[in-house]
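Chemist: Provided below are the primary sequence and the corresponding predicted coordinates.
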Amino acid sequence: MLTRAKLTIVAVMAAAISIPVAAQTCKTNSIKATINPDRLIENGDGTVTDAETGLMWTQCTIGQEWTESGCSGAPTDLDWEAALQASDQFNHNGGLADQTDWRMPNIKELGSLVEHKCHSPAINLVYFPDTPSATYFSSTVNPDQLGNVLSGRSIDFAFGSDLTPQVSTRRHVRLVRSN
């Protein structure tokens, strides 16, 4: 027989389990879109081409795999050195969309994906599904590094902020190629 205390504990645990995962929030009425979605072309092979910049992007984060319904699996957390090598490994393993010249984007390229009208994540989820609200490394070195400690600049896609973590900080990577 369940006591009142046990019933309360069961109710609290059930409520905690049923709490919905935070979803992306977009302020479509008060903030103008940063990226015109007409410039993005979904290629149907796990890639998106930006008609304005001429860049081709992977729709999934390193560690995830493209499926017709989006990106599956968990993104891989990498330190900056491993992130810089991730594109070589990705290309060595066959790349994506018959392309094997993928690379880590520079900070300007990565920043071109930020959609400021949205947060958690600050990216267009139609074209970049299942993108975590997390920080992504760029290939750009922090010009203000101290001593011999290298750091790479990055974008926090929770709110679209430009950050400069130390290289020992583990982050995500999205790859790009010049089209």
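Modeler: Done, it's in. Model, not experiment: these values are computed from the prediction.
Chemist: What lies in contact with the strand of greatest length in the chain?
Modeler: Ranked by number of residues, the top strand in the chain under DSSP state E is strand 135-141. With contacts defined as C-beta atoms under 8 Å, 6 or more residues apart in numbering, strand 135-141 is touched by 61, 78, 80, 83-84, 103-110, 150-158, 163, 165, 171-174. The C-beta positions use only the backbone N, C-alpha and C, and glycine is treated the same way.
Chemist: what does the average pLDDT come to for that strand?
Modeler: When pLDDT is averaged over strand 135-141, the result is 90.
Chemist: could I have that strand exported to PDB, CA atoms only?
Modeler: The C-alpha atoms that make up strand 135-141 are tabulated as PDB, following Å, rounded to 0.1, in the frame of the first residue of the first chain:
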ATOM      1  CA  THR A 135      29.000  26.400 -28.900                       C
ATOM      2  CA  TYR A 136      30.800  25.700 -32.200                       C
ATOM      3  CA  PHE A 137      34.500  26.200 -32.900                       C
ATOM      4  CA  SER A 138      35.700  28.100 -35.900                       C
ATOM      5  CA  SER A 139      39.200  27.700 -37.500                       C
ATOM      6  CA  THR A 140      40.000  31.300 -36.600                       C
ATOM      7  CA  VAL A 141      42.700  31.800 -34.000                       C
END
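Chemist: can you start the count at 451 instead of 1 from here on
Modeler: New numbering, starting at 451: the last item is strand 585-591.
Chemist: buried set for that strand?
Modeler: Thr585, Tyr586, Phe587, Ser588, Ser589, Thr590, Val591 (16 or more other C-beta atoms under 10 Å).
Chemist: same deal with stretch 484-502?
Modeler: Using 16+ other C-beta under 10 Å as the test for burial, stretch 484-502 gives Thr484, Ile485, Leu490, Gly496, Thr497, Val498, Thr499, Asp500.
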